[in-house]
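Undergrad: Make a model of this:
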Amino acid sequence: MKIVVIGGTGLIGSKLVHKLSERGHDAIAAAPSTGVDTITGEGLSEVLAGADVVVDVSNSPNLDDSAKEFFRTATTNLLAAEQAAGVGHHVALSVVGTAQLAPQSGYFQAKLAQEQLIGQGPVPYTIVHATQFFEFLKTLADSATDGDTVRMPPAYFQPMAAADVAEGLAIAAVNPPVNGITEIGGLTAVLLPDMIRTALAARGDERTVVSDPSAQYWGIDLDERTLVPGEGATLFDTRFEDWILESAAKA
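TA: You can find the predicted model right below:
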């Protein structure tokens, strides 16, 4: 099966290409660095020739209102090129809670608009909603730091390893389109302050993490379970403790 991964040189995309290749598929990493640009359309028709599936894990370079134009243009160009090439399945990576987060965030409005374009488009599809990645916990802490204190809302989330995100996408890519949304996440829901505290302690980071009901998540007010996948989600069992040990060993 020929599977083209848009954003295939990034954190998730590179892992996905590797997983698919290991399983005998012709997995192609498509990105501006490989001559494929979904904004300009450069290289799309060539890389999609003969493709069975396209997996889009690309992301906007900016996480603000400008993401709307990125996702609108990129997704429109990609779907048109897929239709012309006869691609039978479009898989896209998105975020658990996108619809709930969108009213307060230009970036999540952009992601929701992307999902709507895919749902209304000409290519059978699967949208994979993933929870936060372990790899981004420090970045999340940095975004909520005031002096030496990290203020996190007492909301639950269910983070997962990037390798498991790639596995969830690989499963979606080789199965028939669901023409809807599937969800993937980590094994256990935990409070944001508790996980951030554990993540920083594991790195020897001495910042104090406090639970603050007035704190926001990337500038967004959260309900208690906005970031938690619903019933029926596929859960992966990589524990944060094991992931941090493995990451330290690789480093």
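
Undergrad: just for this protein, where's the confidence low?
TA: Along the chain, segments meeting pLDDT under 70 span 251.

Undergrad: from memory R207 sits against A199, does it?
TA: No. With contact defined as Cβ atoms under 8 Å, R207 does not count as touching A199 (10.6 Å). C-beta coordinates here come from the backbone N, C-alpha and C atoms, glycine included.

Undergrad: got any residues that touch both of these two?
TA: A141 (Cβ atoms under 8 Å, 6 or more residues apart in numbering).

Undergrad: So what's the gap between stretch 218-235 and the chain middle?
TA: 14 Å (Cα atoms, centre = their mean, to the nearest Å).

Undergrad: now the end-to-end length of that stretch.
TA: Stretch 218-235 has its terminal residues 24 Å apart, counting by Cα to Cα, to the nearest Å.

Undergrad: R23 is in contact with I171, isn't it?
TA: No. R23 lies out of contact with I171 (Cβ under 8 Å); the separation is 10.7 Å.

Undergrad: So for the two, which sits in the more crowded spot?
TA: Just comparing R23 and I171: by other Cβ atoms under 10 Å the higher neighbour count belongs to I171, 16 against 11.

Undergrad: Name the nearest residue to the more buried one, sequence neighbours excluded.
TA: Excluding its sequence neighbours, the residue lying closest to I171 (Cβ to Cβ, 6 or more residues apart in numbering) is T234, at 7.5 Å.

Undergrad: wait, isn't that neighbour in contact with A170?
TA: No. Using Cβ under 8 Å, T234 is not in contact with A170, being 11.8 Å away.

Undergrad: neighbour count winner among those two?
TA: Neighbours per residue (other Cβ under 10 Å) separate T234 from A170, with A170 holding more: 24 against 15.

Undergrad: isn't there a helix covering that one?
TA: Yes. According to DSSP: H, G, I helix; E, B strand; the rest coil, A170 belongs to a helix.

Undergrad: Relative to S45, how far out is it?
TA: Relative to S45, A170 is positioned 25 Å away (Cβ to Cβ, to the nearest Å).

Undergrad: Please apply the same query to K68.
TA: Distance from K68 to S45, by Cβ to Cβ: 25 Å.

Undergrad: more crowded one of the two?
TA: K68 (18 against 12).

Undergrad: residue contacts, that one?
TA: So K68 contacts G106, Q109, A110, A113 (Cβ under 8 Å, 6+ apart).

Undergrad: which residue packs closest to A30, ignoring adjacent ones?
TA: The shortest distance from A30 to any non-neighbouring residue, by Cβ to Cβ, 6+ apart, is to V36 (3.9 Å).
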